[in-house]
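Chemist: Predicted structure and sequence below. I'll ask about it afterward.
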Amino acid sequence: MGSISPDSAPNGFNSPSSRERPAFPADLPVAHISNISHKKILEGDIDEISKVIKSARDIGFFRVDLRESEIGQRFLAAADNMFALAEETFDLPAETKLADSFLKHGDTLLGYKGLGASVVDKEGTRDNNEQYWIGCGDIEGNGRSRAVYNDVINNKMAQLQEFIDLGKIVTDRFLLIFSAVLGLGPESKDFLPKLHSHSNNSGSHVRLLKCPPKPENAHVNLQPHTDWGTLTVLFNMLGGLQIFVPENLVAPGEEAGWKYVKPEPGMALFNLGDAFVKWSDGELKSTIHRVSNPPGDQAKHTRYSLAYFTRPNHNVPLKPLGRKVVPADAATLYPTFKEWALRRAMAGRSDSFKEGDWEKGQGTETVMSAQARAAV
Ligand SMILES: O=C(O)CCC(=O)C(=O)O
Ligand SMILES: [Fe+2]
């Protein structure tokens with residue numbers, strides 16, 4: 001892993017397109033998300049850890065301020081590199097990107113997803129985003145998947161490696177906090193991290209996203225969904241991400257519904273995925289979210305986002321863990337992570353979409369996501 005000198009430490013994201021980004025509108029109603037200090041988490045600060053657990057039990061989202069820890073600063077710098085990589089990659093000719101399409105390379109969800117290749121609603125309306133999923137196992141060279149990547153990506157494997165190394169260090173610390181919630185105990189501190197290897201037997205990956213500007217009031221860019229895996233670290237420069245805030249979590253005087261999440265410089269957004277809902281038998285939440293148009297003047301700009309997805313190894317069953325009890329006769333009811341991900345991915349494809357697929361592709365059935373689905 002490389003390092004950065006203190007005077008080049010970033011405090012935001014600095015890719016070419018981000019330099020001229022207009023401000024997020026000041027008067028827009030937003031979701032209230034806790035800001036967590038990474039430095040305090042590393043120091044074992046009990047109040048900060050309690051804030052993380054509270055966020056995970058209610059909305060399932062929190063921000064982590066990465067500016068004050070050395071690891072956090074390195075993670076921000078590595079994220080900057082990823083934004084530059086995203087811009088260069090998505091600028092490649094369509095045929096170069098389509099040669100990497102995951103649909104062409106069999107039994108992998110990794111590679112390129114073209115504009116409109118997924119649906120955003122029950123009617124089968126096409127999405128407005130491009131994505132690259134770059135497998136952690138492919139980056140490590142740890143038994144390659146069948147995925148194919150263009151040379152812009154292949155030439156940046158060292159930067160990708162640095163980004164996932166830091167992603168793993170940062171997220172493993174949070175897995176430890178949630179191990180305690182599951183009752184796994186301090187002696188099992190490696191248990192959850194080991195379920196998330198950087199190999200091609202795992203769903204963990206780096207995701208680059210691009211949403212081109214589109215007419216106001218057009219359909220959403222990225223469908224309402226809960227994340228399928230364990231913990232997502234999301235880096236955003238422009239607004240557009242919205243989460244569904246249910247009745248029981250709105251601030252006094254506010255209404256339940258879709259709320260923008262304001263991107264904050266130097267902070268990453270963390271959210272829990274379906275695996276944590278299953279392992280905790282619903283105690284930890286995976287909240288439904290979507291990408292709408294960036295608000296105000298930001299809507300005219302292309303929106304790039306970046307995520308490090310911590311996902312379980314393929315053969316890990318999504319069933320209650322630790323002190324969460326599994327009924328003796330229930331073993332066959334629980335899918336492995338791979339089965340869970342394939343079901344969700346296949347039902348959302350626009351090329352083969354048919355009535356009933358939207359319902360087939362849904363994730364965790366928490367009270368929150370049920371409410372959100374009714375309002376979509
Ligand atoms: O681009 C974003 O802000 C969110 C992306 C997202 O939710 C996802 O890729 O799962
Ligand atoms: Fe997501």
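Modeler: Yep, it's here. Owing to the predicted nature of the structure, the values given are computational and were not obtained by experimental measurement. Ligands and ions are numbered 1, 2, ... in the order given.
Chemist: Enumerate the residues of the chain near ligand 1.
Modeler: By C-beta under 6 Å from any ligand atom, the residues of the chain that approach ligand 1 are 207, 209, 222, 227, 234, 236, 241, 289, 291, 305, 307. The C-beta positions use only the backbone N, C-alpha and C, and glycine is treated the same way.
Chemist: Please identify the helix or strand for the fourth one.
Modeler: Same thing as residue 227. Using DSSP states H and E, residue 227 maps to neither a helix nor a strand.
Chemist: Quick one: residues contacting it.
Modeler: Neighbour list for residue 227: 271-274, 286, 309 [criterion: C-beta atoms under 8 Å, 6 or more residues apart in numbering].
Chemist: at 6 Å what do you get?
Modeler: residue 273 (C-beta atoms under 6 Å, 6 or more residues apart in numbering).
Chemist: Just the pLDDT at it, thanks.
Modeler: pLDDT for residue 227: 94.
Chemist: Report the separation between it and residue 38.
Modeler: 21 Å (C-beta to C-beta, to the nearest Å).
Chemist: so can I have TSV of the residues of the chain next to ligand 1 showing secondary structure?
Modeler: As requested, those are exported to TSV (DSSP: H, G, I helix; E, B strand; the rest coil):
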residue	secondary structure
207	strand
209	strand
222	strand
227	coil
234	strand
236	strand
241	strand
289	strand
291	strand
305	strand
307	strand
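Chemist: By neighbour count, which of these wins?
Modeler: Among the residues of the chain next to ligand 1, residue 289 has the most neighbours (other C-beta atoms under 10 Å), with 28 neighbours.
Chemist: Wait, that one touches residue 244, no?
Modeler: No. Using C-beta atoms under 6 Å as the test, residue 289 is too far from residue 244 to be in contact (7.1 Å).
Chemist: for the chain, what spans make up the helices?
Modeler: Applying DSSP state H to the chain gives helices spanning 38-42, 46-57, 70-90, 94-98, 136-140, 151-154, 157-182, 191-194, 274-279, 337-347, 357-360, 367-375.
Chemist: May I have the residues that are in contact with the residue in the stretch 101-250 of the chain positioned nearest to ligand 1?
Modeler: Nearest residue of the stretch 101-250 of the chain to ligand 1 (C-beta to the nearest ligand atom) works out as residue 241 at 3.7 Å. Going by C-beta under 6 Å, 6+ apart, residue 241 touches 261, 291.
Chemist: same deal with residue 149?
Modeler: Residue 149 is in contact with residue 100, counting by C-beta under 6 Å, 6+ apart.
Chemist: Kindly report the same for residue 305.
Modeler: Residues in contact with residue 305, defined by C-beta under 6 Å, 6+ apart, are 209, 236.
Chemist: Quickly list what it is bridged to.
Modeler: Beta-bridge partners for residue 305, by DSSP bridges, are residue 209, residue 236.
Chemist: Closest to the centroid, which residue in this protein?
Modeler: The centre of the chain sits closest to residue 232, judged by C-alpha atoms, centre = their mean, with a distance of 3.7 Å.
Chemist: Can you tell me the closest non-neighbouring residue to that residue?
Modeler: Nearest non-adjacent residue to residue 232, counting by C-beta to C-beta, 6 or more residues apart in numbering: residue 271, 5.0 Å away.
Chemist: ditto for residue 132
Modeler: Closest residue to residue 132 apart from its sequence neighbours, by C-beta to C-beta, 6+ apart: residue 208 at 4.4 Å.
Chemist: go on, residue 256?
Modeler: The shortest distance from residue 256 to any non-neighbouring residue, by C-beta to C-beta, 6+ apart, is to residue 247 (4.4 Å).
Chemist: number of nearby residues for that neighbour?
Modeler: A count of nearby residues for residue 247, using other C-beta under 10 Å, gives 11.
Chemist: quick one: it from residue 255, how far?
Modeler: For residue 247 relative to residue 255 (C-beta to C-beta), the value is 9 Å.
Chemist: Common neighbours of these two, please.
Modeler: With C-beta under 6 Å, 6+ apart, residue 247 and residue 255 have no common neighbours.
Chemist: Name the residues that touch stretch 60-69?
Modeler: 11, 33-39, 42, 55, 72, 75-76, 266-272, 285-287.
Chemist: Work out the gap between that stretch and the centre of the chain.
Modeler: 14 Å (C-alpha atoms, centre = their mean, to the nearest Å).
Chemist: Buried residues in it, which are they?
Modeler: Residues of stretch 60-69 classed as buried: 60-67, 69 (neighbour count, 16 or more other C-beta atoms under 10 Å).
Chemist: Filter these down to just the ones in strands.
Modeler: Under the assignment DSSP state E, the buried residues of stretch 60-69 contribute 61-65 to strands.
Chemist: so which of these comes closest to ligand 1?
Modeler: Looking across these and measuring by C-beta to the nearest ligand atom, the closest to ligand 1 is residue 61, at 10.6 Å.
Chemist: so what pLDDT did that closest one get?
Modeler: Here, the pLDDT recorded for residue 61 equals 97.
Chemist: Name the residues linked to it by a beta bridge.
Modeler: On the basis of DSSP bridges, residue 61 is bridged to residue 271.
Chemist: low pLDDT regions in the protein?
Modeler: For the chain, applying pLDDT under 70 flags the ranges 1-20, 217, 329-332, 364-376.
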